[in-house]
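*Asks:* sequence first, predicted model second:
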Amino acid sequence: MAESGRTELWSGRRGDDSERMPEITLAAGLSLRGLTKSYGPVRAVAGIDLDIVAGETVALLGPNGAGKSTTIDVLLGLARPDAGAVTVFGRTPEEAVRAGLVGAMLQSGGLISEVTVRELLVLAASLYPAPMPVDEVLERADLTELADRRTTKLSGGQTQRVRFALALVPDPELLVLDEPTAAMDVETRRRFWASMRQLAAAGRTVLFATHYLDEADEYADRIVLMAEGRVVADGPATAIKAVVGGRTIRATLPGVPDGVLAALPGVGAVERHGDAVRLTCTDSDLALRALLAGYPDARDLEVGGADLEDAFVALTSPATGVSA
């Protein structure tokens with residue numbers, strides 16, 4: 001993101017000079033150095049070094065127990081590391097949160113009951129030095145039509161949208177989102193990410209953890225993949241998928257035994273779902289020629305690289321021993 005766009009974003013909104021920071025500090029983004037955190041005998045985070053540039057959209061991925069939520073808790077000042085240092089725009093996490101520079105959407109915690117959505121957002125806005133206007137929050141979170149509904153009358157997906165709205169209230173430079181689209185239907189997820197794209201385009205930094213790998217693949221500038229408390233891969237989705245290597249052929253091909261397809265030259269593995277087959281190849285060109293020569297009735301052919309799910313499984317498997 002251009003420096004001029006980022007400068008205009010924060011300096012145009014924050015009127016209290018006591019809360020303003022030099023541009024160079026804002027551009028510094030997030031920094032985690034030697035971060036470790038244990039809970040009793042369990043080491044949740046085992047020495048993380050990570051930098052996130054202001055304006056980036058970063059997906060934090062990993063299997064359950066990888067250390068994602070603990071890393072987020074430390075980044076927000078909700079947990080103290082056993083060792084290491086964390087800075088958010090040049091400040092401690094606690095200082096950044098107090099200044100309204102950070103908005104968070106977490107999995108845990110409920111909404112105050114027996115208040116309307118608007119009343120809840122007005123209450124939250126009173127806690128910050130320069131909050132986003134409540135009507136703008138409602139619009140960005142797709143909640144305008146639900147503004148007068150009580151929080152006890154919200155569905156699971158609507159509750160998630162209110163959590164997102166609460167993260168927007170401080171008008172933050174950094175949005176930290178832990179499983180933000182859980183319980184949302186497909187259309188609501190689409191609208192949510194459209195809103196997130198607008199926010200990111202305005203220069204905000206976004207860090208989100210998700211189990212929806214398609215979201216990370218489509219919306220993140222960069223993916224940080226964790227396993228067993230460590231970062232095992234860090235880079236654009238295309239680079240992470242390239243680590244796995246290999247290509248796949250998808251086709252509709254009924255009536256051909258999997259063992260026959262596995263014996264084709266250049267084919268390493270076969271998966272079948274009904275009439276659809278997926279061939280994982282060591283040499284996709286060789287495999288495709290053999291497939292078409294032997295089975296000219298094959299249709300709906302697609303040749304592609306490894307997907308993010310393949311990379312996720314390969315890089316987070318304990319047997320791989322892959323390190324960052």
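*Replies:* Arrived safely, thanks for sending.
*Asks:* buried residues in stretch 155-175?
*Replies:* 157-175 (16 or more other Cβ atoms under 10 Å). All C-beta atoms are positioned from the backbone trio N, CA, C, and that covers glycine.
*Asks:* that one - what's its average pLDDT?
*Replies:* What stretch 155-175 shows for mean pLDDT is 95.
*Asks:* same deal with stretch 36-53?
*Replies:* 95.
*Asks:* and that stretch, which residues are buried?
*Replies:* 36, 37, 43, 44, 45, 48, 50, 52.
*Asks:* okay, and the fourth one sits in which element?
*Replies:* To tie it back to what came earlier, the one meant is residue 44. strand 42-52 (DSSP states H and E).
*Asks:* how close does the nearest residue to residue 125 once chain neighbours are set aside get to residue 164?
*Replies:* Excluding its sequence neighbours, the residue lying closest to residue 125 (Cβ to Cβ, 6 or more residues apart in numbering) is residue 131, at 3.9 Å. Relative to residue 164, residue 131 is positioned 15 Å away (criterion: Cβ to Cβ, to the nearest Å).
*Asks:* related to what we said a few turns ago, ok, of the buried residues of stretch 36-53, which one's closest to residue 144?
*Replies:* Using Cβ to Cβ, residue 52 comes nearest to residue 144 of these, at 31.6 Å.
*Asks:* okay, now the domains of this protein?
*Replies:* 3-241, 246-305 (automatic domain parsing).
*Asks:* by mean pLDDT, show me the worst of those.
*Replies:* When these are compared by mean pLDDT, domain 3-241 comes last with a mean of 88.
*Asks:* just the strands in the stretch 151-300 of the chain please.
*Replies:* For the stretch 151-300 of the chain, the strands defined by DSSP state E, counting those that start in this stretch cover 174-178, 205-209, 222-227, 230-235, 247-252, 267-273, 276-281, 299-305.
*Asks:* distance to residue 185 added to those strands, as JSON lines?
*Replies:* Putting the strands of the stretch 151-300 of the chain into JSON lines (distance: least, Cβ to Cβ, whole Å) gives the following:
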{"stretch": "strand 174-178", "distance to residue 185": "18"}
{"stretch": "strand 205-209", "distance to residue 185": "18"}
{"stretch": "strand 222-227", "distance to residue 185": "25"}
{"stretch": "strand 230-235", "distance to residue 185": "31"}
{"stretch": "strand 247-252", "distance to residue 185": "27"}
{"stretch": "strand 267-273", "distance to residue 185": "24"}
{"stretch": "strand 276-281", "distance to residue 185": "26"}
{"stretch": "strand 299-305", "distance to residue 185": "27"}
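*Asks:* residue 61: which of these is closest?
*Replies:* strand 222-227 (5.0 Å).
*Asks:* sheet partners, orientation included, of that closest one?
*Replies:* According to DSSP bridges, strand 222-227 forms sheet pairs with strand 57-61 (parallel), strand 230-235 (antiparallel).
*Asks:* any idea which of these is most buried?
*Replies:* Ranked by mean neighbour count under mean count of other Cβ atoms under 10 Å, those are led by strand 57-61, which reaches a mean of 25.
*Asks:* so what touches it?
*Replies:* With Cβ atoms under 8 Å, 6 or more residues apart in numbering as the test, strand 57-61 has contacts from 52, 68, 71-72, 196, 200, 205-210, 213, 215-216, 219-226, 312.
*Asks:* what residues are up against the closest residue to residue 195 other than its chain neighbours?
*Replies:* Take residue 195 and drop its neighbours on the chain: the residue closest to it by Cβ to Cβ, 6+ apart is residue 140, 5.2 Å away. Counting by Cβ under 8 Å, 6+ apart, residue 140 makes contact with 132, 165, 168, 195, 198, 199.
*Asks:* can you tell me which of the residues you listed are in helices?
*Replies:* Mapping the contacts of residue 140 onto helices (DSSP state H) picks out 165, 168, 195, 198, 199.
*Asks:* surely the second one touches residue 135?
*Replies:* Pointing back at residue 168 there. No: counting by Cβ atoms under 8 Å, residue 168 sits too far from residue 135 to count as a contact (11.9 Å).
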